[in-house]
Each structure stands twice: as structure tokens, then as C-alpha cells.
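Student: missing the sequence, but the structure's below:
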């Protein structure tokens, strides 16, 4: 289990309990966190679940695969801490994770 | 939408389009009554994993649900699952239900989806012969998918090939038979067909193209073989039919709503009855980037039309109509498709298919109309933009691998 805080682009925060093994995207979608579309449902096919990960957690969020890197290269407003949230698996180590959602996924 | 007036919306169908309409309506501030009638028992769920991770047993049913059950309560949405709509009465604005009840509506959304084309041969009703469309279908199919068993798949479209990949990975002996001279013939170019046929063969799948299924044989009501028109007998413990889908348009048709291979809708997803919308597989819509109309069988189409419906009902500006896109996962190959390649006059290949990372671009009058990108997300995402912009392109520029796709797209946009 991990507590994850989602911060929307306007600063609104929501902290949610997340089960291990789910993706950060699934946690967001199940709880209707605004700002994450996840059109493909987590297949790493659409790049509409872009988030910014608190730099303190970047290493804990796991390695980026080639596919994700290429997809992010085309997302809007990409930063060094950009990730696709469908590719981040929840683990105990991510307890306290803070992610910020962008203004738009398109 | 007139303010302050009670509004009742009924959605028929709990697939991707129906679920999107619910979400977009509540997100957009709709406070009236929302009822979704779905003929399956499960909460609305995603279908793509049915022929991928879910079939493989990697993903549980709960993870397919668009939303947990609590969401529907929170959002004050009434789910009538396991229930059919039998008739639309447009004059009184009511739908009749299979259980004898009825629901009144101010707006009706038909998200009735599609059904597998039935296998038109003797023996199609034998045990062990399956379709692949619903959770229940996979529930029936999967217990038989045991290593060493023989599976015959009829139809080499995306469903058939994705299922073949899963079955092979589970250790079954798999034969795919296809009437057309090549796999994926209806949806893509010979280049891609050859690549996928070769990959499946390399993985140990037997692919037979240009063959006609005669009938299915059985023992004690269970399928035992698929017999081809030339007499070839393919022993089978399990048969999967994946020969395309048909739009569920009968409710609309019976109610006198205009249909022609799908329920006809305008850009806002409105049918010939202004109080009735249609979205997803069942709808035939204007394809604005391609100058024609048609049905699209895809997640993107269902989501987009769901959003169009909600915007039209709420009186919001029409959302941007994106370039159509699709994906297919087979083995370690992710195919991402943007656009519609029908009618292309030129195609060029960027990268080397042997490297398992390449893209096929399809052009018409020197304009990009589609791409098939294998393990090449940059080519896919850049092409989406290029297709939308309709810019004239030199095919040579697209295949210059020394220039990143991002730069090619940026140059074209400049």
C-alpha cells in the first residue's frame, strides 16, 4: 500500500490509498482524478496519462522503457520529471509519492 | 440544454462509448438522471485486453472495469445491467426493456456496439467453437486454452492474430486460416501482412491463407476438426472464429432511424432523430479528415464520439475530431496505427522490418493519410499530427532515418 498525492495544475491536492501492483494511472482513473485521460487503458499506446513525478521519487518510480521515452518525447510541456503514469507500478516504496497532472493531455 | 428543466438521459450499451458518455456528461456538469442499460452482467469494462493480457491471465477482471462500482453510486448513475432494450418508442420517448419495464428519456444514446459475424458453416454450433467479444466469451474459451491442445483460429484479422499470439505463448498448437490471400488483408498493406505472417510462423503458428473453411466436424457435440474446401482436415480441440463484426443497429432500424451499415450520425453523433444519438462501433459517422463517412471499430472512436455526444447535449463547443488511431499487441510487437490507409497511392517504409522497428507511411496525392508503426511510437505520434495538418510531403523526407521524426513533423508544420 502507498499513499499517493495528485496535484492538479491549479494546485488542488488529493491523497489516495493505492494498492501495490496497480499503476499510478489506474489509481487516478478509479478515483476520477482530473487531468489524466488514459484513453488506451494502460497499454502505453496513447500518451494521455502524462504526469510530473516529484523528483525525490523519480528513481523509485522505476526505469523508463524505450517505448515510454519515445511517447513522452511527443507529449506537450515535457519536463525532466515527466512520466506516463500507466508505466509506474505502485509499491510500498512509493508511499508518499506526489505527482502533478498537466493542464492538458493533448 | 434548457436550464432548470429536469432531464433524463438513457444510454443503451455499457461498452467504451457508453462509459465515456457517462463520464463526459457528469464531468461536463450534467445533473439530471442518467441510466445505463447494458445486456452484459459485468460493470462496463475495456475490451482490448480480452484478446491480450486478460486472455493470457495476466490481468484480472476488476482491472478491466472503467470505474469501480462505488463511482456509479457517487455519480448517481443507475446501472441496469443484464438487461436488454427491446424497442424504442420515439413518439413517447421511451425505451422498453426485456424485463417488461420501460424508461422515459429526453435524450437517448445508442452505444449498442457490434457483434461477431456468425460463422456461416455447418458445425458452428458445436461445443468448443467460440467467438471473442465479451468477458463471458473469454470465460468460456480460456479453460480450454491449455498447453499442447490444438486451436484453429478462423480469420487472420487483429482479433485472430492477437489470440494466436496469446495461445502460442500459452503453449497451444495454433493454426490460423484466412480466406484472403494474406493476413490483415482488410486493414493493411502487403508489407505489414508479410511481416506479421512471418512473425507468427517464426513463433510456431501455422498460417494458411487463401483457404476456405468448408465445415466443422465434431464428436459427441464437441468440435474435433476444421475441414477446408479442398478437403484438408485440421484436427482441433478448440476453434475461435474472428471473421469480423456487425453493427448492432436493429433497435434504431426498427424505430425508423436512418441506418446504412451502422446508425447514421452527423458530426455531433446525432442520428436522424434529434433526440437520439449513436456512438461507437454501431455508428457510421463523418470521417472529417478523409472526406467520407464510415464506421470505425476502435477505442479512440468510441471515446471521441462519447465526448461529442456529451458536448452536443450540454451545449458545449464540439471537441476536436482527432485523427483516428488504433493499436494491436502481438508478442513483443506493438503496432500503432494512425489514420485510414484505404485509397493510398504511394507507400514508403522507414526503418528495416528485420529490426522489428519500422513504420509504413501511406500517402495519397503527396499527403500522409496513414501510418502503421511497429515498435515505433515516434513515427506514430508524428504521423497523427501530419495527417491532421494535411501538409504536402515528399515521401523521401519521411524515410530519412538520419532525421528524427520530431524534426520531420516540425519542418512540415513550419
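Tutor: Alright, I've got the coordinates. Computed from a predicted model, the values in this text were never measured in an experiment.

Student: Show the contacting residues for residue 64.
Tutor: Went with chain A since none was named. Counting by Cβ atoms under 8 Å, 6 or more residues apart in numbering or on different chains, residue A:64 touches A:72, A:83, A:87. Backbone N, C-alpha and C define where each C-beta goes, glycine included.

Student: my bad, chain B
Tutor: So residue B:64 contacts B:45-46, B:49-50, B:54, B:135 (Cβ under 8 Å, 6+ apart).

Student: thinking again about what came up before, wait, which of the contacts of residue A:64 is closest to chain B?
Tutor: For the contacts of residue A:64, the residue nearest chain B by Cβ to the nearest Cβ is residue A:72; the value is 9.2 Å.

Student: Buried residues of the worst-scoring helix or strand of chain A on mean pLDDT, list them for me.
Tutor: Ranking every helix and strand in chain A by mean pLDDT, DSSP states H and E puts helix A:66-72 at the bottom, with a mean of 91. Neighbour-count burial for helix A:66-72, with 16 or more other Cβ atoms under 10 Å in any protein chain shown as criterion, is recorded at A:67-68, A:70-72.

Student: what's the spacing between that helix and its chain's center?
Tutor: The chain centroid and the centroid of helix A:66-72 are separated by 14 Å under Cα atoms, centre = their mean, to the nearest Å.

Student: what do you get for stretch B:61-74?
Tutor: Computed by Cα atoms, centre = their mean, the chain-centroid distance of stretch B:61-74 equals 21 Å.

Student: moving C-terminal of the helix or strand hosting residue B:313, what's the next helix or strand?
Tutor: Assigned by DSSP states H and E, residue B:313 falls within helix B:299-314. Downstream of helix B:299-314, the first helix or strand assigned by DSSP H and E is strand B:325-330.

Student: got the residues of chain A near chain B?
Tutor: A:22, A:26, A:29-30, A:32, A:34, A:39-41, A:43-47, A:67, A:70-71, A:73-74, A:106 (Cβ under 8 Å from any Cβ of the partner chain).

Student: Helices of the chain, start to end?
Tutor: Chain wasn't specified; assuming chain A. With helices called from DSSP state H, chain A shows them at A:24-30, A:66-72.

Student: Hmm, no, I was thinking of chain B.
Tutor: Going by DSSP H, chain B shows helices at B:16-27, B:53-56, B:69-74, B:135-141, B:158-169, B:190-202, B:250-254, B:299-314, B:377-389, B:395-398, B:405-413.

Student: Mind checking those for the one nearest to chain A?
Tutor: Among these, the nearest to chain A by Cβ to the nearest Cβ is helix B:377-389 (3.8 Å).

Student: list the contacts for the spatially most central residue of chain A?
Tutor: Residue closest to the mean C-alpha point of chain A, counted by Cα atoms, centre = their mean, is residue A:85 at 2.8 Å. Neighbouring residues of residue A:85 by Cβ under 8 Å, 6+ apart: A:23-25, A:28, A:36, A:38, A:49-51, A:99.

Student: what do you get if the cut-off is 6 Å, keeping everything else the same?
Tutor: A:24-25, A:49, A:51 (Cβ atoms under 6 Å, 6 or more residues apart in numbering or on different chains).

Student: Closest one of those to chain B?
Tutor: Distances from chain B to the contacts of residue A:85, taken as Cβ to the nearest Cβ, are shortest for residue A:25 (11.3 Å).

Student: Do I have it right that that closest one meets residue A:49?
Tutor: Yes: if you go by Cβ atoms under 6 Å, residue A:25 and residue A:49 touch, sitting 4.4 Å apart.

Student: Have a look at these two and say which one is more surrounded.
Tutor: Legend: neighbour count by other Cβ atoms under 10 Å in any protein chain shown for residue A:25 and residue A:49, higher for residue A:49 (30 against 25).

Student: Could you measure from the more buried one over to residue A:86?
Tutor: Separation of residue A:49 from residue A:86 (Cβ to Cβ, to the nearest Å): 5 Å.

Student: Overlap in contacts, these two.
Tutor: The contact lists of residue A:49 and residue A:86 share residue A:25, where a contact means Cβ under 6 Å, 6+ apart.

Student: Pull the number of nearby residues for residue B:147.
Tutor: Neighbourhood size, residue B:147 [other Cβ under 10 Å]: 9.

Student: neighbours around the spatially closest residue to residue B:26 that is not a sequence neighbour, how many?
Tutor: Excluding its sequence neighbours, the residue lying closest to residue B:26 (Cβ to Cβ, 6 or more residues apart in numbering or on different chains) is residue B:75, at 5.0 Å. Close neighbours of residue B:75, defined as other Cβ under 10 Å, add up to 16.

Student: Distance-wise, check residue B:75 relative to residue B:237.
Tutor: 45 Å.

Student: With residue B:139 instead?
Tutor: From residue B:139 to residue B:237 the distance is 18 Å (Cβ to Cβ).

Student: who has more neighbours, those two?
Tutor: Taking other Cβ under 10 Å, residue B:139 and residue B:237 do not tie; residue B:237 has more neighbours (19 against 10).

Student: okay, now the residue lying closest to the more buried one once chain neighbours are set aside: neighbour count?
Tutor: With Cβ to Cβ, 6+ apart as the criterion, residue B:237 has its nearest non-adjacent residue at 4.3 Å, and that residue is residue B:149. Counted with other Cβ under 10 Å, the neighbours of residue B:149 add up to 17.

Student: Residue B:149 touches residue B:172, doesn't it?
Tutor: Yes: with contacts counted by Cβ under 6 Å, residue B:149 reaches residue B:172, the gap being 5.3 Å.

Student: re the thing from before, could you save the helices of chain B as a markdown table and add columns showing mean pLDDT?
Tutor: Converted to a markdown table, these look like this (pLDDT from 0 to 100):
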| stretch | mean pLDDT |
| --- | --- |
| helix B:16-27 | 97 |
| helix B:53-56 | 96 |
| helix B:69-74 | 96 |
| helix B:135-141 | 97 |
| helix B:158-169 | 98 |
| helix B:190-202 | 97 |
| helix B:250-254 | 98 |
| helix B:299-314 | 98 |
| helix B:377-389 | 94 |
| helix B:395-398 | 89 |
| helix B:405-413 | 86 |
